[in-house]
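**Student:** Pasted the sequence and its predicted model underneath.
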Amino acid sequence: GTSAGQIIRQELIMEAKRLLVNTDLAVERISDQLAFDDPTYFGRFFKRETGFTPGSYRSVSLEKYQIHHR
């Protein structure tokens, strides 16, 4: 019962989360890598799907898992 659109959104969010936590790429660069034309739209999309802005998701996740990028 999952639509193609829902699956695509879930995959985009999983990849965005992976990039936010495991890289130090700027949100704008992650937006570009995920084929969003507008970083602002990516931010709204991410917040709608997760409840967090990309920046706050990164901060909370890095703190929670005590990940430090070099």
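**Tutor:** Alright, I've got the coordinates.
**Student:** going forward, measure contacts between C-alpha atoms and count neighbours the same way
**Tutor:** OK.
**Student:** What residues sit buried inside the worst-scoring helix or strand of the chain on mean pLDDT?
**Tutor:** Least confident helix or strand, the chain: helix 54-65 with a mean of 92, by mean pLDDT, DSSP states H and E. Within helix 54-65, the residues scored as buried using 16 or more other C-alpha atoms under 10 Å are P54, Y57, R58, L62.
**Student:** okay if I get these as a markdown table plus distance to D32?
**Tutor:** Output for the buried residues of helix 54-65, formatted as a markdown table (distance: C-alpha to C-alpha, whole Å):
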| residue | distance to D32 |
| --- | --- |
| P54 | 13 |
| Y57 | 18 |
| R58 | 17 |
| L62 | 22 |
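**Student:** Check whether L25 sits in a helix, strand or coil.
**Tutor:** Put simply, L25 is coil when judged by DSSP: H, G, I helix; E, B strand; the rest coil.
**Student:** I'd like to know how many residues surround the nearest residue to it once chain neighbours are set aside.
**Tutor:** Here the nearest residue to L25 in space, its sequence neighbours aside, is L19; by C-alpha to C-alpha, 6 or more residues apart in numbering that works out to 7.4 Å. For L19, the tally of surrounding residues (other C-alpha atoms under 10 Å) stands at 19.
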